[in-house]
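Trainee: I need the structure of the sequence given here:
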Amino acid sequence: MSTLPTRAHGARPSRLTRPLYAYAVFEEFVLLYPLYAILFDQTGLTVAQISSLFVIWSLTSMVASVPAGAWADVVPRRYLLAAAPLFAAAGFSLWLLLPGYWAFALGFVLWGAGGALSSGAFEALVYTELGHRGATDRYARVMGVARALGVAAVGASTLLAIPVMAHGGYAAVGAASVAACVLCALAALALPEHRGAPGGDEPGDEPVGYLATLREGLSEARASRRVRGAIVLVVVVTAFWGMLEEYVPLLADEAGVPTATIPFVVLVVWIFITLGGLLAGPASRLPVRVFAALLGLAAFAVAAGALLDGLPGWVLIGAGFGVCQSASVVADARLQERISGRSRATVTSLAGLGTDAFTGISYLLYAAVFALTGHALAFVLFAAPYLVVALVLGQSRGRSVPPTGPENTDRRTSKTRPAGHLPDQEGTR
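Mentor: Now for the predicted structure:
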């Protein structure tokens, strides 16, 4: 059974991409992002209490991601995507109206639950909708642009937060953040979604209950080595650089960059990450060994950049992160291509769960390594996994990483797969 609905080759991609890109922008255009830790501190919370809030946030997202992913395979995904930012908006409102530890904790629970609602649903909706248009080969490009717009929105909201905070305080910053969440929800409702009966991606599918959908997704991830490998690739490629990005300001501070100049360093890195998202489409069409070589060079770039002083170092780190951003999108595209059942969001949410868990563990490991070596050598160490991934990918027999062209359909199995791929390691096509 194919996971994609009947194709509509004449359907306009812009009907999908316009609200999709708006969603990506408003989801990250939250002026509270650079300021909520300061709000917690000014409310009187200790460092230990603030750290515990981040743990609550992470645990909520991890616990809810897979159940929410299964839900997204049963109900319309765009409704869950619309609800996700409203959960965040409720949390932000709670912080500002009733500032205090327990209000902050509940706000993080709401924010984490909202993130879980979109975990898996976002990617599954985009891939399925592109399949409706006969354009799954465009998935990496579309998602790359969405990721790039999200990074740009974070940068823009960070810059805008400074004057808004100066003139209106937390009330103005909070109101703007809630407004962005509401606009994000409206963008989600404008997304097209061509699905049949609840629980099935095809018009002819029989309805499937929640528990059956959850079991089917977990079973596919467990039974298919190709799907498991794609999930592992998503987790490893995404987790390490996403964690290291958070420490760029501290690395700059350790290198002696004046505090007033550190935002410039972050801006340089963000520019390259944005470019990495925009180039995800072309990167998805590279031969796998060329792509692996670029990922290996990215590891060296991040390591060398951390050891260098000045602009060349920040450019190297940014370039390395940009390649990693492209690799994250390409890995996601590879996963979407390999999912053959109807529990697409459930399987995708497993990758999100793994990424969150791996990132959390990486934070703890980074703290231990930093205590012994400092930020620069910690960056070198945590860039090394990308070299390992590059070596493993370099041994692959496939000619390209994700889908690269028009799909062929095997009439015996009715499963879609891209033209031009060599047989996988299981010996089946």
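Trainee: And the next helix or strand past the biggest helix by length in the chain?
Mentor: If you go by DSSP state H, the chain has its longest helix at helix 139-189. Next along the chain after helix 139-189, taking DSSP states H and E as the criterion, comes helix 210-223.
Trainee: Can you list the buried residues in that next one?
Mentor: Thr213, Leu214, Glu216, Gly217, Leu218, Glu220, Ala221 (16 or more other Cβ atoms under 10 Å). Where you see a C-beta, it was placed from the backbone N, CA and C, and this is true even at glycine.
Trainee: Could I get the CA-only coordinates of it as PDB?
Mentor: Taking C-alpha atoms only, helix 210-223 is exported to PDB below (Å, rounded to 0.1, in the frame of the first residue of the first chain):
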ATOM      1  CA  TYR A 210      -5.300   5.400  17.300                       C
ATOM      2  CA  LEU A 211      -3.700   2.300  19.000                       C
ATOM      3  CA  ALA A 212      -3.600   0.400  15.700                       C
ATOM      4  CA  THR A 213      -1.900   3.400  14.000                       C
ATOM      5  CA  LEU A 214       0.600   3.700  16.800                       C
ATOM      6  CA  ARG A 215       1.400   0.000  16.700                       C
ATOM      7  CA  GLU A 216       1.800   0.100  12.900                       C
ATOM      8  CA  GLY A 217       4.300   2.900  13.100                       C
ATOM      9  CA  LEU A 218       6.300   1.400  15.800                       C
ATOM     10  CA  SER A 219       6.300  -2.000  14.000                       C
ATOM     11  CA  GLU A 220       7.500  -0.400  10.800                       C
ATOM     12  CA  ALA A 221      10.400   1.300  12.600                       C
ATOM     13  CA  ARG A 222      11.300  -2.000  14.300                       C
ATOM     14  CA  ALA A 223      10.900  -4.300  11.300                       C
END
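Trainee: what's the angle between the next helix or strand after it and helix 139-189?
Mentor: With elements assigned by DSSP H and E, the helix or strand that comes after helix 210-223 is helix 225-245. Helix 225-245 and helix 139-189 are oriented at 80 degrees to each other (axes from the mean of the first three to the mean of the last three Cα atoms, to 10 degrees).
Trainee: Which neighbouring elements make contact with helix 225-245?
Mentor: Judged by 3 or more Cβ pairs under 8 Å, 6 or more residues apart in numbering; DSSP states H and E, helix 225-245 is in contact with helix 210-223, helix 288-307, helix 311-338, helix 344-373, helix 375-394.
Trainee: closest one to Gly112 among those helices?
Mentor: The closest of those to Gly112 is helix 344-373. By Cβ to Cβ, the value is 9.6 Å.
Trainee: got the buried residues for the closest one?
Mentor: Across helix 344-373, burial judged by 16+ other Cβ under 10 Å covers 344-360, 362, 366, 369-370.
Trainee: same thing with stretch 271-291?
Mentor: For stretch 271-291, the neighbour count (16+ other Cβ under 10 Å) marks 271-281, 283-286, 288, 291 as buried.
Trainee: what's the span of it from first residue to last?
Mentor: One end of stretch 271-291 to the other measures 21 Å (Cα to Cα, to the nearest Å).
Trainee: Could you tell me the average pLDDT over that stretch, please?
Mentor: Mean pLDDT, computed over stretch 271-291, is 91.
Trainee: on that earlier part again, looking at the helices and strands packed on helix 225-245, spot the one closest to Gly115.
Mentor: Judged by Cβ to Cβ, the one of the helices and strands packed on helix 225-245 that comes nearest to Gly115 is helix 344-373, at 8.8 Å.
Trainee: and that closest one with helix 210-223, angle?
Mentor: For helix 344-373 against helix 210-223, the angle by the same axes, to 10 degrees is 60 degrees.
Trainee: can you give me the angle helix 344-373 makes with helix 375-394?
Mentor: 140 degrees.
Trainee: Find out how far helix 344-373 is from the centre of the chain, if you would.
Mentor: 13 Å (Cα atoms, centre = their mean, to the nearest Å).
Trainee: which one of the helices and strands packed on helix 225-245 lies closest to Leu81?
Mentor: The minimum distance between Leu81 and the helices and strands packed on helix 225-245 falls on helix 344-373, with 10.7 Å, by Cβ to Cβ.
Trainee: Please report how far Gly155 lies from Ile317.
Mentor: Separation of Gly155 from Ile317 (Cβ to Cβ, to the nearest Å): 16 Å.
Trainee: Having no further points to raise, I will conclude here.
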